[in-house]
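[1] Here is my input; please provide its structure:
(chains A and B)
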Amino acid sequence: DQQVKQNSPSLSVQEGRISILNCDYTNSMFDYFLWYKKYPAEGPTFLISISSIKDKNEDGRFTVFLNKSAKHLSLHIVPSQPGDSAVYFCAASEEGGKLIFGQGTELSVKP
Amino acid sequence: SAVISQKPSRDICQRGTSLTIQCQVDSQVTMMFWYRQQPGQSLTLIATANQGSEATYESGFVIDKFPISRPNLTFSTLTVSNMSPEDSSIYLCSVSGTNEDTTDTQYFGPGTRLTVL
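    Numbers count the residues shown, from 1 in each chain, chains lettered A, B, ... in the order given. Predicted coordinates for the structure are as follows:
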């Protein structure tokens, strides 16, 4: 029973355009959401997070949006760069810090 | 953020043997966790490593198979016991509660790629 879902296994975007990665969750007790980027043969790198009391958090080219009523969050990357090509995981946390990860979306940014 | 190292970075092992993976952090952290990423899968939490007491295991993971130690606030080990080919995975440690970030954000080590023949 997947509590965090990333329904798109892959996404291809042209350099300079916007990349939008989506994530859905089912557990209304989740109160903290995170996005990680992962290159092959490396551990996940933390990108950006959002608390359930907010609906938007921005850090440079990365913005995360949270829609609690729809149990949906998205990561926007603008402008996309070839170096952004990686697998992106969303994760959700409930009190206590345990993270539940989605299946990941492989982003390919083409020059 | 905290610098996290893992040893070994990769290993190839025979079935029936055991491997101990070390996770070292360059500063004291509140929480340490162990995850597994099987081929083509997402990350799954194995257990929370508790300092000075037994680890807290997630459903489907048991202490006899994955004994964990955490003797202090900067170091933990995960042992994969009596290995079978199904244990071939990337094993990752993560930490939260660093000096720079007291939120629940977890930071990951580089991972240990284990292949069991």
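
[2] ok, A:S93 - how many residues close by?
    Residues within reach of A:S93, counting by other CB atoms under 10 Å in any protein chain shown, total 23. For glycine as for every other residue, the C-beta is placed from the backbone atoms N, C-alpha and C.

[3] How about B:D87?
    Residues contacting B:D87 under the criterion other CB under 10 Å number 20.

[4] can you list the weak-confidence ranges in chain A?
    Within chain A, the stretches with pLDDT under 70 are A:95-96.

[5] And for B:D26, nearest residue in space, chain neighbours not counted?
    Spatial nearest neighbour of B:D26, chain neighbours left out: B:V3 (4.3 Å); criterion: CB to CB, 6 or more residues apart in numbering or on different chains.

[6] Quick check: that neighbour vs B:D101, distance?
    Counting by CB to CB, to the nearest Å, the separation of B:V3 from B:D101 is 13 Å.

[7] which residues touch whichever residue of chain A sits closest to chain B?
    Nearest residue of chain A to chain B: A:G43, at 3.7 Å (CB to the nearest CB). Taking CB atoms under 8 Å, 6 or more residues apart in numbering or on different chains as the definition of contact, the neighbours of A:G43 are B:I4, B:L92, B:S94, B:F108, B:G109, B:P110, B:G111.

[8] Apart from its chain neighbours, what residue comes closest to it?
    Of all residues apart from its sequence neighbours, B:F108 sits closest to A:G43 (CB to CB, 6+ apart), at 3.7 Å.

[9] Any idea how many residues pack against that neighbour?
    By the other CB under 10 Å criterion, the neighbourhood of B:F108 contains 21 residues.

[10] Type out the ChimeraX command that picks the buried ones from the contacts of A:G43.
    Here the buried members of the contacts of A:G43 are turned into a ChimeraX selection, burial being counted by 16 or more other CB atoms under 10 Å in any protein chain shown:
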select /B:4,92,94,108,109,110,111
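
[11] List just the nearest of the contacts of A:G43 to chain A.
    For the contacts of A:G43, the residue nearest chain A by CB to the nearest CB is B:F108; the value is 3.7 Å.

[12] can you map out the strands along chain A?
    Here chain A has its strands, by DSSP state E, at A:4-5, A:10-14, A:19-25, A:32-38, A:45-51, A:56-59, A:62-67, A:72-77, A:86-93, A:99-101, A:105-110.

[13] what's the answer for chain B, then?
    Read by DSSP E, chain B holds these strands, from start to end of the chain: B:4-7, B:10-13, B:19-25, B:31-37, B:43-49, B:56-57, B:68-69, B:75-80, B:89-96, B:107-108, B:112-116.
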